[in-house]
Every structure is written in structure tokens, then in C-alpha cells.
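let's see this in three dimensions:
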Amino acid sequence: MSRLLSILFLFFSIALVHAQNSTIETDFNVQNFGVLENINNIQSQFIIKNNGTKKLYVLRADTKPGIKVRINKKIIPPGDTSTLYVSIEPKVTGRLDEEIKVVTSADALPYILRVKGDIKSIKPDDKTACFYFNTPKPKNTGTYQPIIFPTTNPEKIIVIDTIKAEEEEAPVVTKELDRRIYKPNNVTFLIDVSSSMKDSLKLPLMKESMYTLIEALRDIDNISIITYSDEARIIKEGVKGDRKAVLNRCVSELYAKGPTMGAQAILFSLDVVLKNYIDTGNNQLFLITDGVFKFADGYYEKWKEKVGDKKIVLSIIALGEDEKAITQLQAMAIKREGSFIRIKNQTDAKTVVLDEIKGRAKK
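As a prediction, the model looks like this:
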């Protein structure tokens, strides 16, 4: 009898654990970076969502000494999210499989996250790597050491912002996208406004291409504009294409600033595309950037999970001449069955984006 009670207790304990852990949702539990070459520092980001009805308190993260963990918000209200950052400085090549145990108020047992990869070579002493922490290594040689998250100056990862509502404008009719020929468009632009875009030509060329497109849009087209640098920000969402003054004003006010966060911004923007999805239309996400962009396998899996059987195209517009960036961006576009587009001059800016949308929207 006592053995039976023990088994039942264990069963109900496991069931309770799963029920409690269901209050926590992450974009994915495992980030697999695949083959890593000539690296010095590996940075991972996990978005943690509170699906419960009470505030979720992130108490600590337990992991190996030398792995840095930060979070931008330790108290997560119901339905809200926070981003956990993991920074790993590998010392040896070979298989990487690191576990981060996140202890929260949702459960007595930790929520497990993992970072994986296959390290082929290490770049020594790269002080310029993103999220490089120039601090002494902990002397504790135990298997795990608790890492307490800082509570001051939290870094922002996703901030939703909107421009104040403008006065209503008269609809503008355009003949560029003939309704008899082209389906409605649901297009989201994810625009890199990091400091590297301050180059004298990159932002002006990007704006020129968007002005040309805006001129051709119709009232059956929905346009969303999201920017990203150190945070992703919705500038406008689901604006009808005939509200040209509103859209032109959004584009004209774009400016470049801080460092770049990218992969998370794509998944964030994908949610906006899905929210405004047109069943019989062209649903497209444009990534506009000039930088090297790592989109790990885990992000592709999450993309497929979110999209399901819907048709959403990821097209990439590349600015600048960074050949490494060009190669990576091309591969991303191909993997998502999208187009890879380069804007090198004003002639490109006036044609390529509109031509891409015409090609995708043609009935």
C-alpha cells in the first residue's frame, strides 16, 4: 500500500509540475547554432512569456561558471514577456551543449533552456564581439553556480510604439497596381536602423525605394513598418495603402542609431504579418539591412511553427558591400523561399521593391 501511495504521489507531482510549467512559454527551449567557425563569443536570446494569471517572478538562473546570463525584466505581468540573454565564451572546440536552469515563482523545479552547437574553431581575444563582458572569471569550480540578474538599467528587446494618429486624408487612387491584375498585399517592412546604417547612402536609398512603393499602393493593401536596432519597434501597423501621407511621414522620420538585434525581430515581425494576414492576398515580410545576420536553425523551426500552412514570403533587401553579410542574407532568403534583392543606387531604389511585390501579387 505504501509503495502504491508513493507511486501515486510521484504521478501527481509530475502532473503538477507540468501544469505549473505551462504558465511559462518560451519562443523555443533549445537554440542550436549548428557549425560555428572562428567565433569568440556566442550570444543567445530567449523570450519568456507569462501565460498565467499572476505575476511571474524570475528568481535566478543556474548554469556553469563563466556563462553570463541577464534578463531585461525580472517581474513579468500576466500575458507579458521578458528577454533572457545568454553569453558563452567557449574555451575548447567540439560539441557545445550548455544548460540554463531558470528558477521562477511558477514552480519549485527550474525551467530548462539549452544552447547547442558544434564549435570548429575559436577566434582568440576578440574584444569587439557583441555582448562581450570584460569581467574576471569566477573562481568557483563547482558544477553550477547561481547567477543573479541585474536590476538596474535593463536592456530593451521589444518595445511596441506607435505614432500619434494623424488627421484623416483623402484616399489616393493609383493605377500602378491594377486591381484586375494584382492581389491585395499584406506587407511588413522590418528595417535595420542600427548605427551601421548611418552611411551617407544606405538610409536615403532605402527611403527612396519605400516612397516609390507607397506611391503605387492601394486601399486594399495593408502596410506595417517595424524598425530594429537594440529593440524592435512597431512604427505603424496595418495602414491602408491609400493613406500615403501617413506612410511617407513614417519613412521620412526614420533614423539610424545603436547596435543590432536581428533574429528575434524577424519572429516579432512575423507575428504582425500573421495578425494582418490576407487569405487571398500576397503576405510578405521584407527585411531591409546592411549587416551580417545569423538566423539559427531554431529560428527557422519557430518560423515554420508559427506560419503553419499559411503562405508568407521572407524577402531580403541588402544595402552596402559587406560580402559576408551578402552571402548570409542570400542563404536566408533562399531558405524561406523569398527573394534576395540588392539596392546599390537610385535606379535600384526606384524599381526593385515595387517589382518584387508585383511579382508576388500577380494573380
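
so which strand or helix has the residue most central in space within the chain?
In the chain, the residue lying closest to the centroid (C-alpha atoms, centre = their mean) is residue 264, at 1.7 Å. Following DSSP states H and E, one finds residue 264 within helix 263-275.

which residues are contacting the helix or strand following that helix?
The helix or strand immediately downstream of helix 263-275 is strand 282-289, counting by DSSP H and E. When contacts are taken as C-beta atoms under 8 Å, 6 or more residues apart in numbering, the neighbours of strand 282-289 outside the stretch itself are 183-192, 206, 260, 262, 266, 269-270, 273, 277, 293, 310-319, 325, 329, 332, 338, 353, 357, 360-361. Quick note: C-beta positions are derived from backbone N, CA and C, even for glycine.

could you check how many residues crowd around the closest residue to residue 94 other than its chain neighbours?
Once its chain neighbours are removed from consideration, residue 94 has its nearest residue in residue 119; the separation is 6.1 Å (C-beta to C-beta, 6 or more residues apart in numbering). Using other C-beta atoms under 10 Å, the number of residues around residue 119 comes to 19.

likewise for residue 61?
Based on other C-beta under 10 Å, the number of other residues close to residue 61 is 25.

and what of residue 277?
Counted with other C-beta under 10 Å, the burial measure for residue 277 works out to 15 neighbours.

I figured it hits residue 185, correct?
No - under the criterion of C-beta atoms under 8 Å, residue 277 lies out of contact with residue 185, with a separation of 11.7 Å.

show me the helices in the stretch 251-363 of the chain, by range?
For the stretch 251-363 of the chain, the helices identified by DSSP state H, counting those that start in this stretch occupy 263-275, 297-307, 323-335, 346-361, in order along the chain.

deepest-packed of those, please.
For the helices of the stretch 251-363 of the chain, average neighbour numbers computed from mean count of other C-beta atoms under 10 Å are highest in helix 263-275, which has a mean of 20.

which secondary element of the chain has the worst mean pLDDT?
Comparing every helix and strand of the chain by mean pLDDT, DSSP states H and E singles out strand 145-147 as the least confident one, with a mean of 35.

right, and the helix or strand after it?
With DSSP H and E, the next secondary element past strand 145-147 is strand 185-192.

elements contacting that next one?
In terms of contacts (3 or more C-beta pairs under 8 Å, 6 or more residues apart in numbering; DSSP states H and E), strand 185-192 is packed against strand 222-228, helix 263-275, strand 282-289, helix 346-361.

minimum distance to residue 104: which of the ones you listed has it?
Residue 104 lies closest to helix 263-275 among the helices and strands packed on strand 185-192, at 20.4 Å (C-beta to C-beta).

can I get the closest one as CSV, trimmed to CA atoms?
Output of helix 263-275 as CSV, limited to C-alpha atoms (Å, rounded to 0.1, in the frame of the first residue of the first chain):
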residue,chain,number,x,y,z
ALA,A,263,16.7,37.3,-35.4
GLN,A,264,14.2,38.0,-32.6
ALA,A,265,13.0,41.0,-34.6
ILE,A,266,12.1,38.7,-37.5
LEU,A,267,9.9,36.5,-35.4
PHE,A,268,8.4,39.5,-33.8
SER,A,269,7.6,41.0,-37.2
LEU,A,270,6.2,37.6,-38.4
ASP,A,271,3.5,37.9,-35.7
VAL,A,272,2.5,41.3,-37.2
VAL,A,273,2.2,39.7,-40.7
LEU,A,274,0.1,36.9,-39.3
LYS,A,275,-2.1,39.3,-37.4
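
by contact count, what packs against that helix?
Here helix 263-275 is seen to pack against strand 42-50, strand 185-192, strand 222-228, strand 232-240, strand 282-289, helix 297-307 when contacts are counted using 3+ C-beta pairs under 8 Å, 6+ apart.

again, only this time at 6 Å
When contacts are defined as 3 or more C-beta pairs under 6 Å, 6 or more residues apart in numbering; DSSP states H and E, helix 263-275 sits against strand 185-192, strand 222-228, strand 232-240, strand 282-289, helix 297-307.

looking at those, which is nearest to residue 74?
Of all the helices and strands packed on helix 263-275, it is strand 232-240 that lies closest to residue 74, at 20.8 Å by C-beta to C-beta.

hey, C-alpha coordinates of the closest one in CSV?
Coordinates of each C-alpha in strand 232-240 appear next as CSV, following Å, rounded to 0.1, in the frame of the first residue of the first chain:
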residue,chain,number,x,y,z
ALA,A,232,12.2,46.2,-32.2
ARG,A,233,9.5,48.9,-32.5
ILE,A,234,6.2,49.0,-34.4
ILE,A,235,6.1,52.4,-36.1
LYS,A,236,2.8,51.7,-38.0
GLU,A,237,0.7,48.6,-38.3
GLY,A,238,-1.9,47.7,-40.8
VAL,A,239,-2.1,51.1,-42.6
LYS,A,240,-4.2,51.1,-45.7
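
mind listing what's buried in it?
Applying a neighbour-count criterion of 16 or more other C-beta atoms under 10 Å, the buried positions in strand 232-240 are 232, 233, 234, 235, 236, 237, 239, 240.

now swap in stretch 65-74 and tell me
Neighbour-count burial for stretch 65-74 flags 67, 68, 69, 70, 71, 72, 73, 74 (criterion: 16+ other C-beta under 10 Å).

need the worst-confidence member of these.
pLDDT across those is lowest for residue 72, at 75.
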